[in-house]
Each structure stands twice: as C-alpha cells, then as structure tokens.
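Undergrad: Based on what follows, work out the 3D shape:
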Amino acid sequence: MVDSTVAMTCERAGAVLPHCVGGFLDIVAFAALGERDQLDIKIVQTGKWPMVSLLLEDVRHVTVDKGPDIESSFIDEITLIPLLRSATTWPVEADGLVTRFDGLPDLYWLRLVGPTTITVISAIMTISTSLA
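TA: Residues are numbered from 1 along each chain as shown. Purely as a prediction, here's the structure:
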C-alpha cells in the first residue's frame, strides 16, 4: 500500500515535472545538515512557470554528472520513481544506489537528464512553483 504522502507527492510531481522538460538548471545546491541533508534544485524557464523548486531532504544518494556548464544546463528528461519500503523488489539500478534495511522510509528516486545529469534518492521531496 502506498503511503498517502508518497501518493500526494507523486501526484504533484506528475502535474509539475513534465513542464520542466526543456527548462534550465538555475541552482543546484547540496547541504549536509546533520540528519537531514538536502539538495535544492531550481529550474527556470519551464513550460508553465518562471521557476520550479525541488527540495529533496534526508538524501540517501546524490550524483551530479556535470556537463560543460551546470548553470543554464537544459533538461531533456525527468523521471521520478517511488521506492517503497514495502516493495519486495526495487529496480535493479536503484538497488545499487541505496542499501535497504529495516526502518528505511519510502524514498523518491529523481533523475534529471541533460548535459548535466542529476540522480538523487531522498526520503522527502517538496515541489513548489513560482508565478513571478
């Protein structure tokens, strides 16, 4: 059974993330803050909003394959896959990124692909849009 928070976050992501394809990375900032590391991603010039902010907290894995210039790097593809603690199996690619253990929360596996590719797995994801 999918937790209601995961379902709501994935529903919100489904309404926002497709509009980010073709947008540009503005900020990618990682902060190690004790128990709750966070990755802040700002995408500008999206198909619908001037800016979309993705805040991923309680980060379990992050990689950035940097293109020639991360600032203004466009986004060709975005995927979000929930990694549910109750699932008997995860995609093979995810199994190599995060070790499963008792007490591991449901996770979000987000990939942004373009000249810069960002892969992040986190326990909390917040998506916000700006009107101006």
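Undergrad: Check which residues of the helix or strand of the chain with the lowest mean pLDDT are buried.
TA: Across the helices and strands of the chain, mean pLDDT, DSSP states H and E gives its lowest value to helix 92-95, namely a mean of 86. Using 16 or more other C-beta atoms under 10 Å as the test for burial, helix 92-95 gives A94. Backbone N, C-alpha and C define where each C-beta goes, glycine included.
Undergrad: For V120, what is the enclosing helix or strand?
TA: Per DSSP states H and E: V120 is located in strand 117-130.
Undergrad: for that strand, what is the average pLDDT?
TA: Across strand 117-130, pLDDT averages out at 95.
Undergrad: Name the residues that touch it?
TA: 9, 12-13, 16-17, 28, 36, 39, 41, 48-65, 83, 94, 97-98, 105-112 (C-beta atoms under 8 Å, 6 or more residues apart in numbering).
Undergrad: at 6 Å what do you get?
TA: 9, 12-13, 16, 39, 49-65, 97-98, 105, 107-112 (C-beta atoms under 6 Å, 6 or more residues apart in numbering).
Undergrad: Narrow those residues to those that are buried.
TA: 9, 13, 16, 39, 49, 51-54, 56-60, 62, 64, 97-98, 107-112.
Undergrad: quick one, helices of the protein?
TA: Taking DSSP state H as the criterion, the chain contains helices spanning 4-16, 92-95.
Undergrad: weakest of those helices by average pLDDT?
TA: helix 92-95 (a mean of 86).
Undergrad: Can you name every helix or strand that that one contacts?
TA: Counting contacts by 3 or more C-beta pairs under 6 Å, 6 or more residues apart in numbering; DSSP states H and E, helix 92-95 packs against no other helix or strand.
Undergrad: Cheers, nothing more for now.
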